[in-house]
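>>> missing the sequence, but the structure's below:
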């Protein structure tokens, strides 16, 4: 997130409260973390509206910015995708993931990235039939 632009955001599972999530947003050149609670089948950020899915929550706050108790306006502008890298930065990313993995006792680094990728919806440019043509 430190390399993201103001308004970039990501949603991750809370490390301190498994089952809850955290919305990390870069705002005013710092990263703000907002707890997302999951109660009674709904997601919320502590007061206000409740949502059926994380996607609904994020889409709502992309259109309606949050305001921190400090008065800072938190805009969700663009998702921050930590798994998108270029060939020239692969070695740096591997070192970063290895470092994260060795510094924490929980799931992090390679394992966290693997789990994230496994949960992503598979999107194909062409149908499977197209790829099987002789």
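Looks like it arrived, so ask away. All of these numbers come straight from a predicted model, not from anything done at the bench.
>>> outline the domain layout of the protein.
Using the TED database, the domain ranges for the chain come out as 8-79, 87-122.
>>> which outside residues touch the longest strand seen in the chain?
Counting by DSSP state E, the longest strand found in the chain is strand 30-39. Here strand 30-39 makes contact (CB atoms under 8 Å, 6 or more residues apart in numbering) with 1-2, 11, 14, 17, 19-26, 43-46, 54, 57, 66, 68, 72, 74. Backbone N, C-alpha and C define where each C-beta goes, glycine included.
>>> what about the strands in the protein?
Here the chain has its strands, by DSSP E, at 8-13, 21-27, 30-39, 42-44, 66-67, 73-74, 78-79.
>>> buried residues, stretch 57-69. List them.
For stretch 57-69, a neighbour-count test (16 or more other CB atoms under 10 Å) marks 57-58, 61, 66 as buried.
>>> let me have the residues you listed in a markdown table, extended by pLDDT and distance to residue 30.
Formatted as a markdown table, the buried residues of stretch 57-69 follow (pLDDT from 0 to 100; distance: CB to CB, whole Å):
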| residue | pLDDT | distance to residue 30 |
| --- | --- | --- |
| 57 | 91 | 22 |
| 58 | 90 | 20 |
| 61 | 91 | 18 |
| 66 | 88 | 15 |
